[in-house]
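Student: Fold the stuff below for me.
(chains A and B)
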Amino acid sequence: MRNPLSDKITDVKPSGIRKFFDIVSEMKDAISLGVGEPDFDTPWHIREEGIYALEKGRTFYTSNAGLKELREEISKYINRKQGISYDPMKEIMVTVGGSEAIDVALRCMLNPGDEVIIPEPCYVSYVPCTKMADGVPVIINLKNENRFRLTPEELSDAITEKTKVLILAFPNNPTGAIMERGDLEKIAKIVIENDLYVISDEIYSELSYTGEHVSIASVPGMRDRTIMINGFSKAFAMTGWRLGYACGPELILKQMIKLHQFAIMCAPTTSQYAAVEALRNGEEDVNVMREAYNQRRRYLMHTFKEMGLPCFEPGGAFYVFPCIKEFGMTSEEFALKFLEEEKVAVVPGTAFGDCGEGFLRISYAYSLEDLKVAIERLARFVENLRK
Amino acid sequence: MREKILTVIEKNSKIDLKELAVILGEDEIDVANEIKSMEEDGTICGYHTLIDWDKTSIEKVSALIEVRVTPQRGQGFDTIAERIYKYPEVNSVYLMSGGYDLLVTLEGKTLKEVSSFVTNKLSTLETVLSTTTHFILKKYKDHGTIMAKKYEDTRLKMTP
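Tutor: Purely as a prediction, here's the structure:
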């Protein structure tokens, strides 16, 4: 039989998290700090709206781009939060999670050989999706000393005449880094000068702790060069509902909706009705969850300081990214030993790019009580290593 | 800062001072002073423990009693409320809008004890016109805490 697989997919490396997942899943008594989703349940009024939608028999396809009501709510929400206006009829599409939006955007924007600049460490899907879209990933290794922000110099150095797209993902998974308006303005200048486009994954935008989140699309001249991606998973604790959205200029969105129509038809209808409720009446829930995450963030930063573990202070998402270089182990060795000896699972930084070497991703999507137990074990582990 | 402190300790009054200061990003001394002043001005009235008595061998019966009363000239409901809340077996007394005036919650060892309180003490008060007693059969949720079920983390243990 001949090989049924494409070279493209066999070239894509499996997610670095997989190996750990298999080990952790078999350890019954292990505590995990490796989860990339909120610990909160979806607020009840939002779930209830999903239930009502089912009861009322809203079980059919919606329009390809998503429920009109929902697109209108998204448009209002972005206008309220970022001051950017998108036409709900032409410039907004509802997707199956932010992940689909990333995939579709790349597939609609790249020609074979186009280069996509991807600052790492970052979420695991940008490189594989770029490759599947025939693009060429160009990695920028972000630095701890820059608090894992992208600097204009780093960007300029990575640009070639083949560069077409820059992927920005702030607040960042796994580092928790943010980019402030001043940072983004410098990046935008280079983007415009070099006639690039930006895919901005802002899924953690609501989880910003040191000030309001700023989208690069709100920087003058950037709106029509940006596909802004966001969703309901992190802000409203709705990961399992699989609902995200993309906003951008009609020229690109029109093609993205076309591809989405052929590949997906439409995002889940129940989830879309629930999402309307989330945007209309969910702001207070988001505030409460943000405050809880922020308290845990402060707690972790404090305990790291106490145990002398270097960690820059993250401004967003629900991860901290401490440095473990002093112990002379790779991230993976450290994480494995920590898991074996203390039964706590963390994700090695290398799962998010080679430059994550020497770092760990620790999620604080856990109750303070659970975090305390895990962090006590980390302190003990670190102390033993230093002996 | 007051509001932030209260939001946390309303759910967890056992939290230690240092930790409270850390998670709020405030100075420990400031937090201590703020709590002290709230205790003094009566904003913080007490620290209680939420107990699921069903899990113990101690028998308890709780009741809600709707009480209709005749308000008194010049004093409104305050005097009669005071008469009622002074009984140690009374847990809470609220003045209500709607079909009755006072809502009294009560704990006793047995049904008999509660009903004897109602018939002998409460109903015989001069200004009490009528009472309706509801016995609590099961507490599902109390003070914002779900008592019936334990939270179970069903998330995948590791996700990107």
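
Student: So for the residue positioned nearest the centre of chain B, what's the pLDDT?
Tutor: With distances taken as CA atoms, centre = their mean, B:Ser92 lies nearest the centre of chain B, 6.6 Å away. According to the predicted model, the pLDDT of B:Ser92 comes to 96.

Student: Angles on the backbone of it, please.
Tutor: Dihedral pair for B:Ser92: phi -150, psi 150, per degrees, to the nearest 10.

Student: how about the single nearest residue of the stretch 251-387 of chain A relative to chain B, what does it touch?
Tutor: The stretch 251-387 of chain A approaches chain B most closely through A:Gln295 (3.7 Å), counting by CB to the nearest CB. All C-beta atoms are positioned from the backbone trio N, CA, C, and that covers glycine. With contacts defined as CB atoms under 8 Å, 6 or more residues apart in numbering or on different chains, A:Gln295 is in contact with A:368, B:8, B:23-24.

Student: A:Ser363 touches A:Ile31, doesn't it?
Tutor: No. Applying CB atoms under 8 Å as the test, A:Ser363 and A:Ile31 come out as separate, 11.5 Å apart.

Student: Quick check on those two: which one has the bigger neighbour count.
Tutor: Between A:Ser363 and A:Ile31, counted using other CB atoms under 10 Å in any protein chain shown, the more crowded position is A:Ser363 (27 against 20).

Student: ok, what's across the strand from that one?
Tutor: A:Tyr319 (DSSP bridges).

Student: State the distance from it to B:Thr159.
Tutor: A:Ser363 sits 9 Å away from B:Thr159, going by CB to CB, to the nearest Å.

Student: overlap in contacts of the two?
Tutor: In contact with both A:Ser363 and B:Thr159: A:34-36, using CB under 8 Å, 6+ apart.

Student: What about chain B: which of the residues you listed touch it?
Tutor: A:34-36 (CB under 8 Å from any CB of the partner chain).

Student: What parts of chain B come near chain A?
Tutor: So chain B meets chain A at B:7-8, B:19, B:22-25, B:153, B:155-160 (CB under 8 Å from any CB).

Student: Out of those residues, which end up buried?
Tutor: B:8, B:19, B:22-24, B:155, B:157-160 (16 or more other CB atoms under 10 Å in any protein chain shown).

Student: mean confidence for stretch A:299-314?
Tutor: 97.

Student: One more: stretch A:108-125?
Tutor: On average, stretch A:108-125 scores 98.

Student: Need the distance between the two termini of that stretch.
Tutor: 16 Å (CA to CA, to the nearest Å).

Student: How far off centre is it?
Tutor: 14 Å (CA atoms, centre = their mean, to the nearest Å).

Student: got it, and stretch A:230-241?
Tutor: 11 Å.

Student: Same question for stretch A:289-306.
Tutor: With CA atoms, centre = their mean, you get 20 Å for stretch A:289-306.

Student: before we move on, what about stretch A:100-108?
Tutor: 14 Å.

Student: follow-up on the earlier one: farthest pair in the contacts of A:Gln295?
Tutor: A:Leu368 and B:Leu24 (12.2 Å; CB to CB).

Student: Need the three-state assignment for B:Leu64.
Tutor: strand (DSSP: H, G, I helix; E, B strand; the rest coil).

Student: Now it: closest residue in space that isn't a chain neighbour?
Tutor: B:His134 (4.6 Å; CB to CB, 6 or more residues apart in numbering or on different chains).

Student: residues in contact with the one you found?
Tutor: B:63-66.

Student: cool, A:Leu142 as well?
Tutor: If you count contacts by CB under 8 Å, 6+ apart, then A:Leu142 has A:119-121, A:148-150, A:154, A:175, A:177, A:355 around it.

Student: which ones among those are found in helices?
Tutor: Per DSSP state H, helices hold the following members of these: A:Glu154.

Student: Now render the contacts of A:Leu142 as CSV, adding distance to B:Trp53 and neighbour count.
Tutor: Output for these, formatted as CSV (distance: CB to CB, whole Å; neighbours: other CB atoms under 10 Å in any protein chain shown):
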residue, distance to B:Trp53, neighbour count
A:Pro119, 57, 27
A:Glu120, 55, 23
A:Pro121, 51, 26
A:Phe148, 51, 26
A:Arg149, 54, 20
A:Leu150, 58, 25
A:Glu154, 62, 17
A:Thr175, 48, 29
A:Ala177, 49, 28
A:Cys355, 56, 20
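
Student: What is the nearest of the contacts of A:Leu142 to chain B?
Tutor: Closest to chain B, out of all of those and judged by CB to the nearest CB, is A:Pro121, at 11.2 Å.

Student: Brilliant, that's me finished.
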